[in-house]
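In: Based on what follows, work out the 3D shape:
(one chain, ligands or ions: 2)
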Amino acid sequence: MKKRTSRKSPGSKRLQNAEQLWPLRFTLNGRKVQARVKPTQTLLDFVRLELELTGTKGACLEGECGSCYVLVDGRPMNSCLVLAPQVQDRKVLTIEGVSRGDKPDVIQQKFIECGAVQCGYCTPGLIMAAEALLARNPRPTREEFLAGLEGNICRCTGYNTILRALQEAADAMGMKR
Ligand code: FES
Ligand code: FES
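Out: Ligands and ions are numbered 1, 2, ... in the order given. Next up, the predicted model:
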């Protein structure tokens with residue numbers, strides 16, 4: 001009787017490698033994080049599912065809506081398109097890192113005061129985009145606000161209350177300086 005040899009398909013080694021865990025190390029909201037992650041896991045899934053930071057939302061999962069924005073080294077990025085290993089040794093800020101304990105920051109407070117939140121699904125992403133915009137340009141014009149938010153979609157508010165909230169936040173932050 002012929003001895004059966006086990007033959008692995010050429011793809012099986014690649015598959016095995018893909019399932020190896022990546023030793024991830026980065027800074028999240030000011031704290032060092034170390035974890036072993038699947039190389040194919042998105043940053044969005046990592047923060048929501050593994051770290052249980054569910055403030056960052058996933059909607060389109062295609063880089064179109066901005067609801068999943070986090071800041072990576074101060075720049076807004078769609079966490080649904082970023083793989084967790086891509087933030088190795090970088091600084092990531094999520095919406096949970098924006099408030100001071102239970103206290104909302106100025107932008108969050110103005111969103112509340114101006115009624116710029118309806119279903120709220122877009123709100124964390126909008127706030128992250130606004131944080132980045134106001135950090136590099138403390139006095140944006142209306143056009144600069146619109147350009148800064150062009151990666152964010154809100155299906156509820158019509159944007160006017162959002163723009164008012166951001167303008168008031170910029171004014172309030174200017175007064176503090
Ligand atoms: S969920 Fe990432 S851009 Fe829409
Ligand atoms: S408040 Fe509902 S999508 Fe913006």
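
In: ok, which stretches of this structure are strands?
Out: Taking DSSP state E as the criterion, the chain carries its strands at 22-28, 31-37, 69-72, 75-78, 91-93.

In: gap between the nearest residue to Glu168 once chain neighbours are set aside and Val72?
Out: In space, and not counting its chain neighbours, Glu168 is closest to Lys110: 4.7 Å by CB to CB, 6 or more residues apart in numbering. Yep, even glycine has a C-beta here, placed from its N, CA and C like the rest. Lys110 is 24 Å from Val72, where distance means CB to CB, to the nearest Å.

In: If you count surrounding residues, which of these two has more?
Out: Shown here are Lys110 and Val72; by other CB atoms under 10 Å, Lys110 has more neighbours (25 against 18).

In: Now for the residue nearest to Leu146 when sequence neighbours are not counted: which residues touch it?
Out: Ranked by CB to CB, 6+ apart and with sequence neighbours excluded, the top spatial neighbour of Leu146 is Leu163, at 7.7 Å. Residues near Leu163 by CB atoms under 8 Å, 6 or more residues apart in numbering: Arg142, Phe145, Leu146.

In: for Asp89, same thing?
Out: By CB under 8 Å, 6+ apart, Asp89 lies in contact with Arg25, Phe26.

In: Quick check: phi and psi on it?
Out: Here is the backbone geometry of Asp89 (degrees, to the nearest 10): phi 60, psi 20.

In: Cys68 now?
Out: Dihedral angles for Cys68 - degrees, to the nearest 10 - are phi -100, psi 10.

In: ok, it touching Gly125?
Out: Yes - taking CB atoms under 8 Å as the definition, Cys68 is a contact partner of Gly125 at 6.3 Å.

In: got any residues that touch both of those two?
Out: Thr56, Lys57.

In: Does Cys60 touch Leu81 like I think?
Out: No - checked against CB under 8 Å, the pair Cys60 and Leu81 is beyond contact range at 10.3 Å.

In: what's the domain layout of this protein?
Out: The chain breaks down into these domains under automatic domain parsing: 20-97, 106-176.

In: Does ligand 2 have contacts with the last one?
Out: Spelled out, that is domain 106-176. Yes - using CB under 6 Å from any ligand atom, domain 106-176 reaches ligand 2 at Val117, Gln118, Cys119, Gly120, Tyr121, Cys122, Cys154, Arg155, Cys156, Thr157.

In: Which pLDDT value does the model give the residue most central in space within the chain?
Out: For the chain, the residue nearest the mean C-alpha position is Val70 (2.2 Å; CA atoms, centre = their mean). pLDDT, Val70: 98.

In: Confirm for me that it is in contact with Lys91.
Out: No - the criterion here is CB under 8 Å, and Val70 misses it with Lys91 at 10.4 Å.
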